[in-house]
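A.B. asks: please find the sequence and the predicted model below.
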Amino acid sequence: MDRLTALQVFVTIVEQGSLSRAADNLDMSRAKVTRYLTELESWMDIRLLHRTTRSLSLTAPGEQTLEVAYQLLGLTDSLDQIRNQNTLELKGQLRITASLSLIDSLLMDVVGRFVSHWPQTAIDILTTDDSVNLIDARIDLAIRITNDLEPNVVARRIGECQSIVCAAPKYLKKRGKPKDVQSLIHHNCLSFAYFGRSAWVFDGPNGPESVPISGNISANISEVLLSATLRGHGISLQPSGAVKSLIASGQLIELLPEWKPKTLGVYVVYANRKQVTPLQRKFIDFLAEEIKHSPYW
């Protein structure tokens with residue numbers, strides 16, 4: 001038995017939540033996946049998973065084995081990376097998906113520097129705020145801003161997204177500035193379909209505060225809300241990286257700076273931990289380093 005492969009199969013079963021989905025993810029037959037799991041349990045002489053016709057759950061030894069498996073597979077990836085860095089020239093194409101605001105405020109500059117540094121690489125960008133199926137859409141990496149990743153996705157947190165409450169001078173002239181976050185109840189708050197649609201959460205002078213919000217415009221694309229905010233239609237919550245230049249120019253006014261909106265994570269999501277290519281890994285590391293040195297992420 002190839003124990004590393006068996007461990008990878010075990011990890012994939014846990015991440016995908018079923019043997020059938022693991023088989024599809026690994027491009028194996030379900031019978032082969034079952035055989036690897038059975039042989040791993042036989043070799044360890046323990047049951048790793050409670051299995052029924054409808055669900056899978058880890059046993060206590062299974063939880064311990066999963067932790068060790070991640071460590072071993074991570075070491076294997078590190079060895080592969082060293083080998084690839086010294087034997088392969090970085091080349092090929094990546095297909096990446098991200099929201100337009102993230103592309104415009106961060107990703108486009110990173111992509112430009114990346115392909116300049118490695119001229120034999122190419123990057124194809126798909127713009128969407130939706131969570132697409134990476135395998136079906138043939139996407140290598142998805143860059144997502146969220147605190148609610150889907151269950152069983154393979155992801156790496158590479159940074160944080162700070163948000164700003166802002167409005168245009170035109171709106172504030174008509175409605176006035178909110179004095180505190182609770183005053184937002186009386187304002188037209190423009191909401192994003194995927195985050196904070198009915199309430200905004202802040203860390204304020206007296207601790208966390210959740211504020212119910214309402215407004216007459218909502219959208220599933222953040223750029224639509226930004227456009228509406230610039231036109232004076234209401235107050236919105238925007239990523240700081242997307243509005244920094246607009247605030248500096250006076251087109252938008254930052255509101256309630258003593259209350260910090262809830263921080264969101266920036267994640268790179270990919271389809272399979274084992275099949276990360278040297279090009280994918282290099283881009284992930286490159287993007288993580290760029291975010292690390294950015295004051296807005």
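C.D. replies: Now that the structure is in, tell me what you want to look at.
A.B. asks: all helices of the stretch 1-150 of the chain, in order?
C.D. replies: Taking DSSP state H, counting those that start in this stretch, the helices of the stretch 1-150 of the chain run over residues 3-16, 19-26, 30-44, 60-87, 100-102, 108-117.
A.B. asks: what angle do the first one and helix 19-26 make?
C.D. replies: What it means is helix 3-16. 120 degrees (axes from the mean of the first three to the mean of the last three Cα atoms, to 10 degrees).
A.B. asks: so which of the helices of the stretch 1-150 of the chain comes closest to D136?
C.D. replies: Taking Cβ to Cβ as the criterion, helix 19-26 is the member of the helices of the stretch 1-150 of the chain that comes nearest to D136, at 10.9 Å. The C-beta positions use only the backbone N, C-alpha and C, and glycine is treated the same way.
A.B. asks: tell me where the model's unsure across the stretch 151-297 of the chain.
C.D. replies: 194-196, 273-274, 296 (pLDDT under 70).
A.B. asks: helices of that one, start to end?
C.D. replies: Going by DSSP H, counting those that start in this stretch, the stretch 151-297 of the chain shows helices at 169-175, 222-230, 240-248, 278-292.
A.B. asks: packing partners of the third one?
C.D. replies: This points to helix 240-248. Under the contact definition 3 or more Cβ pairs under 8 Å, 6 or more residues apart in numbering; DSSP states H and E, helix 240-248 sits against strand 163-167, helix 222-230.
A.B. asks: reformat the ones you listed as JSON lines; add mean neighbour count.
C.D. replies: Output for those, formatted as JSON lines (neighbours: other Cβ atoms under 10 Å):
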{"stretch": "strand 163-167", "mean neighbour count": "24"}
{"stretch": "helix 222-230", "mean neighbour count": "20"}
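A.B. asks: redo the ones you listed as a markdown table? Include distance to T59.
C.D. replies: Output for the helices and strands packed on helix 240-248, formatted as a markdown table (distance: least, Cβ to Cβ, whole Å):
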| stretch | distance to T59 |
| --- | --- |
| strand 163-167 | 41 |
| helix 222-230 | 43 |
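A.B. asks: on that earlier part again, CSV for the helices of the stretch 151-297 of the chain, including distance to D24?
C.D. replies: As requested, the helices of the stretch 151-297 of the chain are exported to CSV (distance: least, Cβ to Cβ, whole Å):
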stretch, distance to D24
helix 169-175, 50
helix 222-230, 33
helix 240-248, 36
helix 278-292, 20
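A.B. asks: so for E67, which of those helices sits nearest?
C.D. replies: Using Cβ to Cβ, those put helix 278-292 closest to E67, at 21.9 Å.
A.B. asks: which of the residues in that closest one are buried?
C.D. replies: 278-284, 286-287, 290-291 (16 or more other Cβ atoms under 10 Å).
A.B. asks: and of the residues you listed, the nearest to L26?
C.D. replies: Of all the buried residues of helix 278-292, L26 sits closest to Q280, with 17.2 Å by Cβ to Cβ.
A.B. asks: so that closest one touches Y270, yeah?
C.D. replies: Yes: between Q280 and Y270 there is a contact at 6.6 Å, judged by Cβ atoms under 8 Å.
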